[in-house]
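sequence first, predicted model second:
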Amino acid sequence: MPDETARPEADPAQSPHDSAVERVPAEAPMGQTLMRGWRGRCPRCGQGGLFRAYLKVREECPACGQSFRGLRADDGPAYVTILIAGHLAIPLMYWGAEWENMWVSVAAISAVVLVGSLALLPRVKGAFLGVLWRSA
């Protein structure tokens, strides 16, 4: 006699994780999807917005309906942003070392790195999502 409290077996064909990201046509160039993501646009159509808030990815594209549920950039964009911001900060540190007031140079360099990082992070995340969407 079957146990009525047991859960029914899930159909693998209807799993939301398998079908969340649609396959890309072979003619979609990697550079185009990367640049669409960099601009915060849907990597599929380039029209709809990719983010609903600063770094919150939309569930789907408002223009074409492409689902973004299966795309996870995790920590990659943060690492690349820190790498870029750090390389930009090094010349500023050499230049700021010549200033007479050390605290002014530290404050100025910190402000430039902070603002640069905050400006770069959503763009880098969008580029990551574009590449992930293309290679899904």
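Sure, I can see it.

in the helix ranked longest in the chain, what's buried?
Under DSSP state H, the helix in the chain containing the largest number of residues is helix 102-135. For helix 102-135, the neighbour count (16 or more other C-beta atoms under 10 Å) marks 105, 109, 113, 116-117, 120-122, 124-134 as buried. Where you see a C-beta, it was placed from the backbone N, CA and C, and this is true even at glycine.

for stretch 56-69, same thing?
57, 58, 61, 66, 67, 68.

contacts only, for the second one.
Residues in contact with residue 58 (C-beta atoms under 8 Å, 6 or more residues apart in numbering) are 48, 49, 50, 51, 52, 68.

now those: which count as buried?
48, 50, 51, 68.

contacting residues for the first one?
Applying C-beta under 8 Å, 6+ apart to residue 48 gives the contacts 41, 42, 58, 61, 62, 63, 64, 66.

can you give me the helices for this protein?
Counting by DSSP H, one finds helices in the chain at the ranges 30-38, 76-96, 102-135.

make a markdown table from the ones you listed and add mean pLDDT to it.
Output for these, formatted as a markdown table (pLDDT from 0 to 100):
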| stretch | mean pLDDT |
| --- | --- |
| helix 30-38 | 93 |
| helix 76-96 | 92 |
| helix 102-135 | 93 |
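
any idea which of the contacts of residue 48 is closest to residue 100?
Using C-beta to C-beta, residue 41 is the member of the contacts of residue 48 that sits closest to residue 100, with 46.1 Å.

isn't the closest one right up against residue 51?
No - assessed by C-beta atoms under 8 Å, residue 41 is found out of contact with residue 51, at 9.8 Å.

now do the shared contacts for these two.
Taking C-beta under 8 Å, 6+ apart as the criterion, residue 41 and residue 51 both touch residue 126.

could the C-alpha coordinates of stretch 67-78 be exported in PDB?
Written as PDB, here are the backbone C-alpha positions of stretch 67-78 (Å, rounded to 0.1, in the frame of the first residue of the first chain):
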ATOM      1  CA  SER A  67      14.500  34.400 -17.600                       C
ATOM      2  CA  PHE A  68      17.500  35.300 -15.500                       C
ATOM      3  CA  ARG A  69      16.700  32.900 -12.600                       C
ATOM      4  CA  GLY A  70      19.500  30.500 -13.300                       C
ATOM      5  CA  LEU A  71      22.300  33.100 -13.700                       C
ATOM      6  CA  ARG A  72      24.500  33.500 -10.600                       C
ATOM      7  CA  ALA A  73      27.600  35.700 -10.800                       C
ATOM      8  CA  ASP A  74      28.500  35.100  -7.100                       C
ATOM      9  CA  ASP A  75      31.700  36.800  -6.100                       C
ATOM     10  CA  GLY A  76      33.400  37.100  -9.500                       C
ATOM     11  CA  PRO A  77      32.300  40.700 -10.200                       C
ATOM     12  CA  ALA A  78      33.500  41.800  -6.800                       C
END
